[in-house]
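> Got a sequence here, can you model it:
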Amino acid sequence: MSKTLKSLVVAGALACALPAFAASTVIVGGEEMYPSKTIVENAVNSADHTTLVAAVKAAGLVETLSGKGPFTVFAPVNAAFDALPAGTVDTLLKPENKGQLTGVLTYHVVPGRITFNDLKFWIKKGKGTAELKTVAGGKLWAMMNGSNNIILKDEKGGWSNITIYDVMQSNGVIHAVDHVLLPKG
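The predicted structure is shown next:
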């Protein structure tokens, strides 16, 4: 094999093996999110996700979301939690409600690294809707709202806009959402 061909093979292998590190940083909550860091390492720096981070800690999911993954997280911003009925977040954060909190949080997580383009392709292939299976075992439905916006429907009929797409992480991807998604029951 020629030296040039070997160089091309090595370069191609590195490009395939390190896709998250080729991504650029994205500003979320006033801070840069680095593709070389995990979901948790980046989320703790976002001023827009302090409630989500507190909930992840209360549910004991820090280690899981710091793990290998890959995970796709539809990450509600603080305003999404604020829009819930008064007292909901405080109730969910109580130790006796850890199971329910874990269920709500893992309902926002889908296995794999799913980008905007993946969702758009699946929505087109599904003739307007893509069904996603969450880590919690529930379903979310993704649909286009215009040509460059995707909305999510939860099992209770609630809707959430994806407001920031493709925030690449070393162990997945985050998409910020403007409403908390709720599973049935």
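> quick check: mean pLDDT across the top strand by length along the chain?
Within the chain, and with DSSP state E defining each element, the longest strand by residue count is strand 159-169. For strand 159-169, the per-residue pLDDT values average out at 94.
> what's the closest non-adjacent residue to residue 133?
Taking CB to CB, 6 or more residues apart in numbering as the measure, residue 133 lies nearest to residue 139, with 6.1 Å between them; neighbours along the chain are not counted. In this view, the C-beta of every residue, glycine as well, is placed from N, C-alpha and C.
> before we move on, what about residue 182?
With CB to CB, 6+ apart as the criterion, residue 182 has its nearest non-adjacent residue at 4.7 Å, and that residue is residue 156.
> neighbours around residue 123, how many?
Other residues near residue 123 come to 17 when the count uses other CB atoms under 10 Å.
> Residue 177 pairs with what?
Applying DSSP bridges to residue 177 yields these beta-bridge partners: residue 76, residue 162.
> Quick one: residues contacting it.
When contacts are counted by CB atoms under 8 Å, 6 or more residues apart in numbering, residue 177 is found next to 74, 75, 76, 77, 80, 108, 152, 160, 161, 162, 163.
> re earlier: in the longest strand of the chain, which residues are buried?
160, 162, 163, 164, 165, 166, 167, 168, 169 (16 or more other CB atoms under 10 Å).
> who's in contact with that strand?
Counting by CB under 8 Å, 6+ apart, residues outside strand 159-169 touching it are 20, 23, 26, 28, 33, 35, 37-39, 42, 69, 74, 76-77, 80, 113, 115-116, 145, 149-154, 173-181.
> Show me how far it is from its chain's centre.
7 Å (CA atoms, centre = their mean, to the nearest Å).
> Quick check: the residue nearest to residue 182 vs residue 184, distance?
Per CB to CB, to the nearest Å, residue 156 is found 6 Å from residue 184.
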